[in-house]
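Trainee: need coordinates for the following:
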Amino acid sequence: MRRLLEGLVRFHNEVYPSKRELFESLAQKQTPHSLFITCSDSRIVPDLLTGAEPGDLFIIRNAGNIVPPYGEMNGGVSATIEYAIMALNIKNIVVCGHSDCGAMKAVLHPEEVADMPVVASWLKHAEVARRVAMANCPDPGSPELLRILTEENLLAQVSNLRTHPSVAVGLSKGDLTIYAWLYDIERGHVRAFDVTQGEFVAVSDNGSLPIAAPQPRERVQEVAS
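Mentor: Predicted coordinates:
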């Protein structure tokens, strides 16, 4: 706690004065541009990873960066998604997983959370990803299995995200874009899922950021005769 106290003092004496105008502008309202859904893992710091300022990101954190399908659990994740889109008019959603994820390790080894019934129940939302990963990794003892599972879990959560009505409407109108990122903690690299290529690709500043969900279908406008 001593480190937290020192951090509070440093924030009050150094950080806040340097950003006083920003905090004053945020005092009465927020206009975040992105909803960032990521793991609770202490090694993931969304603001540091993205260079975001206060007021930029609306953040959901939980074990395994999981999004329950709409209607299955009327909890905090679903409520926050709905609020972000309908009240804050957010245009971007990032689902961000990471390497060496403890939640994904527990999905592969459920015996490790056998005495944590709430955790075990929560991780059932990654069951689709587990089955796909197991089917696509010939060696269940390979370190690659965890990487494949982590990738498949991101795609499964993007699919779950699209079951939420507010998300579905935003996507259909072209008002919302979904991204799936995989952060490599050791190397500091991010790979993003490219729906057009069907794979995770390295993120660079040489092109546009790959998106994880299809663009809206083109609609033929009927012209009244």
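Trainee: can you tell me the centre-most residue of this structure?
Mentor: Closest to where the C-alpha atoms of the chain average out (C-alpha atoms, centre = their mean) is Val95, at 2.1 Å.
Trainee: three-state assignment of that one?
Mentor: Secondary structure, DSSP: H, G, I helix; E, B strand; the rest coil: Val95 is strand.
Trainee: can you pull the pLDDT of it?
Mentor: Looking at Val95, its pLDDT stands at 98.
Trainee: try the one 5 residues further on
Mentor: In this prediction, Asp100 carries a pLDDT score of 97.
Trainee: all strands of this protein, in order?
Mentor: Applying DSSP state E to the chain gives strands spanning 34-39, 57-62, 92-98, 177-184, 189-194, 199-202.
Trainee: nearest to Ser25, of those?
Mentor: strand 57-62 (16.1 Å; C-beta to C-beta). Placement of C-beta: from N, CA and C, glycine included.
Trainee: re earlier: now the strands of the chain as CSV including distance to Ile211?
Mentor: Formatted as CSV, these follow (distance: least, C-beta to C-beta, whole Å):
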stretch, distance to Ile211
strand 34-39, 13
strand 57-62, 18
strand 92-98, 10
strand 177-184, 6
strand 189-194, 7
strand 199-202, 11
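Trainee: out of the ones you listed, which is closest to Pro17?
Mentor: That would be strand 57-62 among those, by C-beta to C-beta, at 22.7 Å.
Trainee: residues of the closest one that come out buried?
Mentor: 57-60, 62 (16 or more other C-beta atoms under 10 Å).
Trainee: what's the angle from that strand to strand 34-39?
Mentor: Calculated by axes from the mean of the first three to the mean of the last three C-alpha atoms, to 10 degrees, strand 57-62 forms an angle of 20 degrees with strand 34-39.
Trainee: can you report how many residues neighbour the nearest residue to Ile178 once chain neighbours are set aside?
Mentor: The spatial neighbour of Ile178 that comes closest, neighbours along the chain excluded (C-beta to C-beta, 6 or more residues apart in numbering), is Ala213 at 4.1 Å. Neighbours of Ala213 under the rule other C-beta atoms under 10 Å: 19.
Trainee: cool, and Gly102?
Mentor: Neighbours around Gly102, by other C-beta under 10 Å: 14.
Trainee: so what touches the longest helix seen in the chain?
Mentor: In the chain, assigned by DSSP state H, the helix with the most residues is helix 144-161. Outside helix 144-161, the residues that touch it by C-beta atoms under 8 Å, 6 or more residues apart in numbering are 37, 64-70, 81, 93, 95, 97-101, 104-105, 107-108, 125-126, 128-130, 132-134, 136-137, 139, 167, 178, 180-182, 193, 200, 212-213.
Trainee: buried residues in that helix?
Mentor: Neighbour-count burial for helix 144-161 flags 145-158, 160-161 (criterion: 16+ other C-beta under 10 Å).
Trainee: gap between Trp120 and Thr50?
Mentor: That one is not Trp; residue 120 is Ala. 32 Å (C-beta to C-beta, to the nearest Å).
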